[in-house]
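1. here's a sequence, model it:
(one chain, ligands or ions: 1)
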Amino acid sequence: MNVDGQHYRTLWTEAHAGDVTAIDQTRLPHRFETVTLRTLEDAAQAIETMVVRGAPLIGATAAYGMALAMRDQADDAALRTAYDRLIRTRPTAVNLRWALDEVRGILADLPPSARCDAAYAAAAEIADEDVAINAAIGRHGLAVLEDLLRAKPGGGPLNILTHCNAGWLATVDWGTATAPIYMAHDAGLPVHVWVDETRPRNQGAFLTAWELGHHGVPHTVVPDNTGGHLMQHGQVDAVIVGTDRTTATGDVANKIGTYLKALAARDNGVPFYVALPSPTIDFSVGDGLREIPIEQRHGFEVTHISGRAEDGRIETVRIVPDGTPVANYAFDVTPARLVTGLITERGLVPAKRDSLAALFPDRLEKN
Ligand SMILES: CSC[C@H]1O[C@H](OP(=O)(O)O)[C@H](O)[C@@H]1O
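-> Numbers count the residues shown, from 1 in each chain. Purely as a prediction, here's the structure:
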């Protein structure tokens, strides 16, 4: 999307079978820097260290990781090594497994000599499909926002709360939860976004605020614990979040804290929407709470925080007493019963098994 008037995707290649360039999201919001991924290991570490993050972008990066691996060595052992290395980078976002299965399925029956080109073509297709899917989510989500605005007594602005970053930085472009917001803003609808800071990595304060600011979308960063108060006082017209894995029954895994927002929304009659690209549906899972693996990340993300000092230097400081134990669960699961609707690239559907199966028979078949 838009960075100082220039269009960017979150990752791209400059040449056929070339190196992969990605925006380094660990540097934002204070530095806009890119990294060059030249090897399988570069791609794997970029996912693990959250240089790139967000379910769709993780999938696209993993696909390019397979291409970088095949550029180097393309025999069956290399294919197995690449898949096994990438699949263990992060456990919760199902796009990772989906993308790797897609690419491996294409490469497995090809001769090694054809695998590099085929892998790059597959990765490019996954990236382009992500952009198209998110734009479609934007269009369907725009219709939801237009209906909400029409029904709002006294008119706009329409206040939308979002959690973490399900923006264009979490995808190849457009974002999922932010796609309807960008399209509403661009269509002239009066929208305002409450941006949850989203501890401990602050994807909201660091990433969502940065990208909304560059697009000119009115927004306000709030501490994570503020959403319930805002909803109690009629300050939130809808919640829209992303997802890392949504089950066949509509249970939604997303950034830690999402479940608490869904509870507050239900208690205050605020619609709670999930922007759901179909590669994030896991039709092999029925009970999200029991079956979705929840990533636990290093405690350093809780005990320390980074920011810009008054002299412009980026500093990292400890914010928790030495020796204090911490826990760092990266995701939680919102039961389908708390979800008002799933905004997919094929339309808005209830968070129900039969609705998802009817809308995506092609994906159900692949499971
Ligand atoms: C459009 S998926 C975005 C999704 O991914 C984020 O997790 P992370 O930043 O740890 O990769 C978060 O759960 C977002 O909702």
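
2. how about stretch 333-345 and the ligand, any contact?
-> No: for a cut-off given as C-beta under 6 Å from any ligand atom, stretch 333-345 has no contacts with the ligand; the smallest distance is 11.2 Å. Every residue, glycine included, has its C-beta placed from N, CA and C.

3. which helix or strand contains residue 302?
-> helix 300-303 (DSSP states H and E).

4. mean confidence (pLDDT) on that helix, please.
-> If you average the pLDDT over helix 300-303, you get 98.

5. any buried residues in whichever helix or strand comes after that helix, and which?
-> Elements were assigned by DSSP H and E; along the chain past helix 300-303, the next helix or strand is strand 304-308. Using 16 or more other C-beta atoms under 10 Å as the test for burial, strand 304-308 gives residue 305.

6. for strand 304-308, packing partners?
-> strand 314-318 (3 or more C-beta pairs under 8 Å, 6 or more residues apart in numbering; DSSP states H and E).

7. following the strand it packs on, which helix or strand comes up?
-> Strand 314-318 is succeeded, C-terminally, by strand 331-334 (DSSP H and E).

8. what's the helix or strand just after that next one packed up against?
-> Using DSSP H and E, the helix or strand that directly follows strand 331-334 along the chain is strand 341-344. Packing contacts for strand 341-344, counted by 3+ C-beta pairs under 8 Å, 6+ apart, involve helix 112-151, strand 272-275, strand 347-349, helix 353-359.

9. so who does the closest residue to the ligand within the stretch 1-150 of the chain touch?
-> Residue nearest to the ligand within the stretch 1-150 of the chain: residue 53 (3.5 Å; C-beta to the nearest ligand atom). If you count contacts by C-beta atoms under 8 Å, 6 or more residues apart in numbering, residue 53 has them with 25, 47, 170, 203.

10. and the gap between the residue lying closest to the third one once chain neighbours are set aside and residue 323?
-> Take residue 170 and drop its neighbours on the chain: the residue closest to it by C-beta to C-beta, 6 or more residues apart in numbering is residue 54, 2.4 Å away. Summarising the geometry, the distance separating residue 54 from residue 323, computed by C-beta to C-beta, to the nearest Å, is 33 Å.

11. more crowded one of these two?
-> residue 54 (30 against 6; other C-beta atoms under 10 Å).

12. quick one, what contacts the more buried one?
-> Taking C-beta under 8 Å, 6+ apart, one finds 93, 165-166, 169-171, 242 in contact with residue 54.

13. next step: the contacts of residue 53 restricted to helices.
-> 47, 203 (DSSP state H).

14. now for the contacts of residue 53, which pair is the farthest apart?
-> 47 and 203 (14.9 Å; C-beta to C-beta).

15. looking at the two, which is more packed in?
-> residue 203 (27 against 21).

16. pLDDT wise, what is the more buried one at?
-> 98.

17. near the ligand at all, the host helix or strand of residue 194?
-> Per DSSP H and E: residue 194 is located in strand 191-196. No: judged by C-beta under 6 Å from any ligand atom, strand 191-196 stays clear of the ligand, getting no closer than 10.4 Å.
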